[in-house]
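> Show me the folded form of this:
(2 chains)
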There are 2 protein chains.
Amino acid sequence: MINAADAIRIIVNSVCSLGSVTTALDRSLGMVLAEDIVSEDDVPPFDNAAMDGYAVRTDNIREVPVILSVVEEIAAGFTATRSLQPGEAMSIMTGAKIVQGCDAVVQLEWTESLDDGQVKILRTISAGHNIRRAGTDIAKGVKVFTKGQALRPQEIGVLASLGRRFVEVYRSPSVAILTTGSEVVELHQQLSEGKIRNSNAHVLAALVKKIGAEPRYLGIAKDDRHDLTSKITEGLKEDVLITSGGISVGKYDLVLEVFRELGVDIKFWKINIRPGMPLLFGLYETKPVFGLPGNPVSTMVTFLQFVQPALLRLMGHTSDRQVGIRARLEEEIIKKDGKRHYVRGIVESRDGSLVVHTTGPQVSNILTSLSKANCLIIIPEEREIVRAGEEVEIELL
Amino acid sequence: MINAADAIRIIVNSVCSLGSVTTALDRSLGMVLAEDIVSEDDVPPFDNAAMDGYAVRTDNIREVPVILSVVEEIAAGFTATRSLQPGEAMSIMTGAKIVQGCDAVVQLEWTESLDDGQVKILRTISAGHNIRRAGTDIAKGVKVFTKGQALRPQEIGVLASLGRRFVEVYRSPSVAILTTGSEVVELHQQLSEGKIRNSNAHVLAALVKKIGAEPRYLGIAKDDRHDLTSKITEGLKEDVLITSGGISVGKYDLVLEVFRELGVDIKFWKINIRPGMPLLFGLYETKPVFGLPGNPVSTMVTFLQFVQPALLRLMGHTSDRQVGIRARLEEEIIKKDGKRHYVRGIVESRDGSLVVHTTGPQVSNILTSLSKANCLIIIPEEREIVRAGEEVEIELL
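Okay, the predicted model is just below:
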């Protein structure tokens, strides 16, 4: 049985980003750049006033107070009609272009406007004061982003300031989702004797959508070779296939067999973790295929730990780990099975530090426990007892 | 000038959730329940096998090994045709309904299948072993969620297991976004002398979309009473209006005036923070109206700190704060202005604890610094020097 860290390594090394597509900037949130971005302009494009005030020549205001003639008014978005001469000032607004001859801007608060088109300057300032230089945010010719940069609102803003209406990003994977099991029925169907409702497909679709990939729901396959073969064949047409259920040891567990028959190269199918031990990963040509366990908690935990990193990689992300956060455990956790445990937990901030406790008994068919949780507590393979008061690694949900 | 904490309090107390709408479960991710959810069924709906094995009567296996007749096979999704009699066992699959007469399931590993339709049970077990009881996840009649519950993938799963195809959620606000300033041009327009590109509208649209609200972009209003009045009038038709730019002290700053003329009740318009001091909040009837500063960093920081809590409240969220995270500051931060500072920072995990440093000079027109950042470091009003090595509060970006 393979350990979690090795499983992640195999998965991440098996997949690489899909091809790129051109997309409108306003539809690129959450996607990843598939091109380097080099600035064709300075940002800001010109020297401009950082505050409302008066554009001056500092050699005119070495001794203050001094009175200057206000010869023009420069609003933001407009330019002066002529250069600034000795003895002159121009009224200037924040963001307006600095006039030729001006080497500083005195803010309004340090001036006194006189009636006769003149201004009294009350303080002396040095050259460059209140001037934002062209190119101080981004200089022309600079490489602003490299391929692989994830696009958050601030990156979209930077691209807008460079005039990019369209960008080249990695394509989002289409993710086929197949529920397996003759006991499962859809929400609109009668819940007859011995049947349960299909919750896993809805959880998986939401998880896929949340990171910006595209779920394609294939329905429920019965525990029957023919039905499984036909639905899995359909699923293998998408970029990724995820099944849930049907991969434990029993004789009705045909999924593994059907995968093999259809040419899926199985990389592993048991993993040394809890919950979620029966987890299958394989490749169909270059497409990742995941067989997740059917218990709802196992389905979600294994998605987050093993499927999500693969999807993020396909989407072009080069790093997909959260900032590692630790919290002080408030209760003892004992486990002697040598597995890596993902324990549902509730983390909160108390007196400026993070404390975490479990949601209670960790049974893998109890989905409501994941709803109570706001984090997973990670207990490594070799740990048998973690004492109350110890720091543990957590992942926020 | 108002402090940040008071500003937040005023904003949050001024807005409440919008009306509710019925939505398909699969479109409800990120929304908030506007109804209490009471379970109409037990989940799981029946006692079922936790593992593949044999359904037995424990009074038959007090002494082991013992041989029982295998009289039937119960697959998941199917039910036994008759009850289990003394001396009998039934082969049963994980998730299959427990047969009448059976009080425990012996896992496959503790049995030996014999050729003649019999099974040898190798270990004794107590009643209830490997049986998952009906209603152990959710009991019939229990209130599972209360109004105000945010819907993550796991809550969607719980609702699916209850058979809810549609749920009542709070409506998402439509958010009008208006850029102001005669110096600003759209990305497809010529960047002529003295003009800059409109990055703020793109940042704001992305921020609004990211939390699940709906941006409506209104274009750019010139610094001109007529243009501002007509575009702001348009914006006041949406649930929320956000403007950026045009609310500092200069005489071209007409936004405040136009808001007043149009009947916006201004609650405050300066706030004791950096970046972002000129921040306006008002109400038009019950609709929140925000005038954000035009500098790109200020726009984004004030959105995150003051607009986002209002939008989340409108969407029905009752709690919108991140879990409070602290990190060890790696450099000294000095500020003597008595303001609350939001400093762009880079947090990372080192040897199991979080350390943070700033992105460098904190100039508010430099949007690329927000792209380098992965957090904001919060420095309270009263602090003048924060030494390297101190713990500081951070908010992840």
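> drop to CA atoms for contacts and neighbour counts, all remaining ones
OK.
> okay but A:Thr358 is in contact with A:Arg344, surely?
Yes. Here A:Thr358 reaches A:Arg344: they are 5.7 Å apart, a contact under C-alpha atoms under 8 Å.
> more crowded one of those two?
A:Arg344 (28 against 22; other C-alpha atoms under 10 Å in any protein chain shown).
> Show me what the more buried one is bridged to.
On the basis of DSSP bridges, A:Arg344 is bridged to A:Leu376.
> Next one: it from A:Gly360, what distance?
According to C-alpha to C-alpha, to the nearest Å, A:Arg344 and A:Gly360 sit 8 Å apart.
> Check A:Gly19 too.
Distance from A:Gly19 to A:Gly360, by C-alpha to C-alpha: 44 Å.
> Tell me which of those two has more neighbours.
Taking neighbours as other C-alpha under 10 Å, A:Gly19 and A:Gly360 compare with A:Gly19 leading, 14 against 11.
> so what are the domain limits for chain A?
A:4-16+A:172-314, A:20-43+A:145-170, A:48-132, A:325-396 (automatic domain parsing).
> got any ranges where chain A has weak pLDDT?
In the predicted model of chain A, residues A:247-252, A:320-323 satisfy pLDDT under 70.
> Specify the beta-bridge partners of A:Gly291.
Bridge pairing for A:Gly291 - DSSP bridges - gives A:Thr243, A:Leu280.
> Quick one: end-to-end length of stretch A:272-286, please.
25 Å.
> Give the full set of residues in contact with A:Glu186.
Going by C-alpha atoms under 8 Å, 6 or more residues apart in numbering or on different chains, A:Glu186 touches A:197-198, A:220.
> Okay, the residue of the stretch 1-150 of chain A found nearest chain B and B:Glu183: tell me how far apart.
The nearest approach of the stretch 1-150 of chain A to chain B comes at A:Gly77, 3.3 Å away (C-alpha to the nearest C-alpha). Relative to B:Glu183, A:Gly77 is positioned 3 Å away (C-alpha to C-alpha).
> Need the residues touching each of those two.
In contact with both A:Gly77 and B:Glu183: A:95-96, B:194-196, using C-alpha under 8 Å, 6+ apart.
> Looking at those residues, point me to the pair that's furthest apart.
A:Ala96 and B:Ile196 (9.9 Å; C-alpha to C-alpha).
> And the helices in chain A, which stretches?
Counting by DSSP state H, chain A has helices at residues A:4-14, A:153-161, A:200-210, A:225-235, A:255-261, A:296-302, A:308-314, A:368-372.
> wait, does the fifth one contact chain B?
Read it as helix A:255-261. No. Shown here: helix A:255-261 not in contact with chain B (C-alpha under 8 Å from any C-alpha of the partner chain), separated by at least 14.8 Å.
> so what's the residue of the stretch 101-250 of chain A found nearest chain B up against?
Here the residue of the stretch 101-250 of chain A nearest chain B is A:Glu183; by C-alpha to the nearest C-alpha that distance is 3.3 Å. The neighbourhood of A:Glu183, defined by C-alpha under 8 Å, 6+ apart, consists of A:194-196, A:222, B:76-78, B:95-96.
> Which one of the residues you listed is nearest to B:Val264?
A:Ile196 (53.9 Å).
> Please name the nearest non-neighbouring residue to the closest one.
A:Val184 (5.1 Å; C-alpha to C-alpha, 6 or more residues apart in numbering or on different chains).
> A:Gly117 too?
A:Val70 is the one closest to A:Gly117 (C-alpha to C-alpha, 6+ apart), at 5.6 Å.
> Show me what the one you found is bridged to.
Residues in a beta bridge with A:Val70, per DSSP bridges, are A:Ala89.
> isn't it right up against A:Val119?
Yes. With contacts counted by C-alpha under 8 Å, A:Val70 reaches A:Val119, the gap being 6.5 Å.
> Report the set of residues contacting both of those two.
Common contact partners of A:Val70 and A:Val119 (C-alpha under 8 Å, 6+ apart): A:Ala89.
> hang on, the earlier thing: if I look at the residue of the stretch 1-150 of chain A closest to chain B, how far off is B:Asp223?
Distance from A:Gly77 to B:Asp223, by C-alpha to C-alpha: 10 Å.
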